[in-house]
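Peer 1: Let me see the structure of the following:
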Amino acid sequence: MQKTIKKITKKARRYQLEVVTQMLTLTTSAFGLVAALAWNNVIKEFVEVYLKPLVGAGSGLISLTIYAVIVTALAVAVTLQLSRIKKRLEENGKE
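Peer 2: Residues are numbered from 1 along each chain as shown. This is a model prediction of the structure:
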């Protein structure tokens, strides 16, 4: 009887951990999306205020291209930095 209770308790903890893990993943993703949208607005405003006047008022395509390049460069830079941090942490964990 006691073994059965321990098994049930162990399974319940495993399910609780899985639920909390999924909630953490979803919450992190949601906040990541909100942060991305905030940065999206900052970059758009930067292009509007500083770059559009330099390339001309009727330069919608050029401004959008500059915006896309800036967003891509930021995404690549952040991804590379996070990958390097992860690699260092994994190497330090093996020691």
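
Peer 1: What are the buried residues along the lowest-mean-pLDDT helix or strand in the chain?
Peer 2: Between all helices and strands in the chain, the lowest mean by mean pLDDT, DSSP states H and E belongs to helix 52-55, at a mean of 80. Neighbour-count burial for helix 52-55 flags residue 52 (criterion: 16 or more other Cβ atoms under 10 Å). Backbone N, C-alpha and C define where each C-beta goes, glycine included.

Peer 1: Next: stretch 69-82.
Peer 2: Result for stretch 69-82 [16+ other Cβ under 10 Å]: no buried residues.

Peer 1: Return it as PDB; C-alpha atoms alone will do.
Peer 2: The C-alpha trace of stretch 69-82 is given here as PDB (Å, rounded to 0.1, in the frame of the first residue of the first chain):
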ATOM      1  CA  VAL A  69      18.700  45.200 -42.100                       C
ATOM      2  CA  ILE A  70      18.800  46.700 -38.600                       C
ATOM      3  CA  VAL A  71      16.400  44.100 -37.200                       C
ATOM      4  CA  THR A  72      18.300  41.200 -38.900                       C
ATOM      5  CA  ALA A  73      21.600  42.500 -37.600                       C
ATOM      6  CA  LEU A  74      20.300  42.800 -34.100                       C
ATOM      7  CA  ALA A  75      18.800  39.300 -34.200                       C
ATOM      8  CA  VAL A  76      22.000  37.800 -35.500                       C
ATOM      9  CA  ALA A  77      24.200  39.600 -32.900                       C
ATOM     10  CA  VAL A  78      21.900  38.600 -30.000                       C
ATOM     11  CA  THR A  79      21.700  35.000 -31.200                       C
ATOM     12  CA  LEU A  80      25.500  34.700 -31.600                       C
ATOM     13  CA  GLN A  81      26.100  36.200 -28.100                       C
ATOM     14  CA  LEU A  82      23.600  34.000 -26.400                       C
END
